[in-house]
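Undergrad: sequence and predicted structure below; questions after.
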Amino acid sequence: MRERYEALCAEAGPGVTVVVATKYVPDDLMAVLATAGVAVVGENRAQDLERKHARYGTAFRWHFIGHLQSNKAKVLNRTCELVHSVGSESAALRVMVPALVEVNLSGEESKSGVTPADLPSLLALGSDVRGLTTMPPLADDAEASRPYFRRLRELAAEHALGELSMGTTQDWRVAVDEGATLIRVGSALFRA
């Protein structure tokens, strides 16, 4: 695990934070991640984040990468250094830690986030927004994600935002090519 993690970090480069997605990681396996030197973990569910944080606390830097329900903001405010998924005004007003706005660039109804047109009004709320995030449509070819990552980079530049959370196990290399500062990986570390 340590070798895979270190190799992934080296390939991603020094300007990219590798966020290890722990949605399917049982509580006991979190200790293996800590031993392997994993620095940042990203959890998808607030209740799982709260439970894992209670057990492993300062072993990791904690990010929230799942769909944000504004009623879960208190948990995130107590535990996270960064929330990747602010996608509504109510969530933006409740999250008190640094955050990224989720932009739905694909227009898919199944995806969360604001439209590019609605981004300025969400940014005007004065929250501590550091950047943007997006999830492109699922595709077999990582290159299919490139136009979405490129558009997110352009939006971030238009709004003078420095952080870009984009790319997962299947397309993180393309995301890094397009300027990702944070990538979210899981299965890349757990495969033998």
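TA: Thanks, I have the structure now. Residues are numbered from 1 along each chain as shown.

Undergrad: give the contact list for residue 130.
TA: Taking C-beta atoms under 8 Å, 6 or more residues apart in numbering, we find residue 130 in contact with 82, 98-100, 161-163. Every residue, glycine included, has its C-beta placed from N, CA and C.

Undergrad: what does residue 100 give?
TA: 82-86, 129-133, 163, 165.

Undergrad: helix or strand: which one has it?
TA: strand 99-102 (DSSP states H and E).

Undergrad: now the element after that strand, going C-ward?
TA: Strand 99-102 is succeeded, C-terminally, by helix 119-123 (DSSP H and E).

Undergrad: buried set for that next one?
TA: 119, 122-123 (16 or more other C-beta atoms under 10 Å).

Undergrad: could you list every helix and strand in contact with it?
TA: Contacts defined by 3 or more C-beta pairs under 8 Å, 6 or more residues apart in numbering; DSSP states H and E place helix 119-123 against helix 89-94, strand 99-102, strand 129-133.

Undergrad: redo the ones you listed as CSV? Include distance to residue 68 and mean pLDDT.
TA: Output for the helices and strands packed on helix 119-123, formatted as CSV (distance: least, C-beta to C-beta, whole Å; pLDDT from 0 to 100):
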stretch, distance to residue 68, mean pLDDT
helix 89-94, 5, 93
strand 99-102, 8, 97
strand 129-133, 11, 98
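
Undergrad: quick one, which of these is packed in tightest?
TA: For those, the largest average neighbour count (mean count of other C-beta atoms under 10 Å) is found in strand 99-102, namely a mean of 27.

Undergrad: and it, which strands flank it?
TA: strand 82-86 (parallel), strand 129-133 (parallel) (DSSP bridges).

Undergrad: and stretch 180-192, which residues are buried?
TA: Of the residues in stretch 180-192, 180-186, 188-190 count as buried by neighbour count, 16+ other C-beta under 10 Å.
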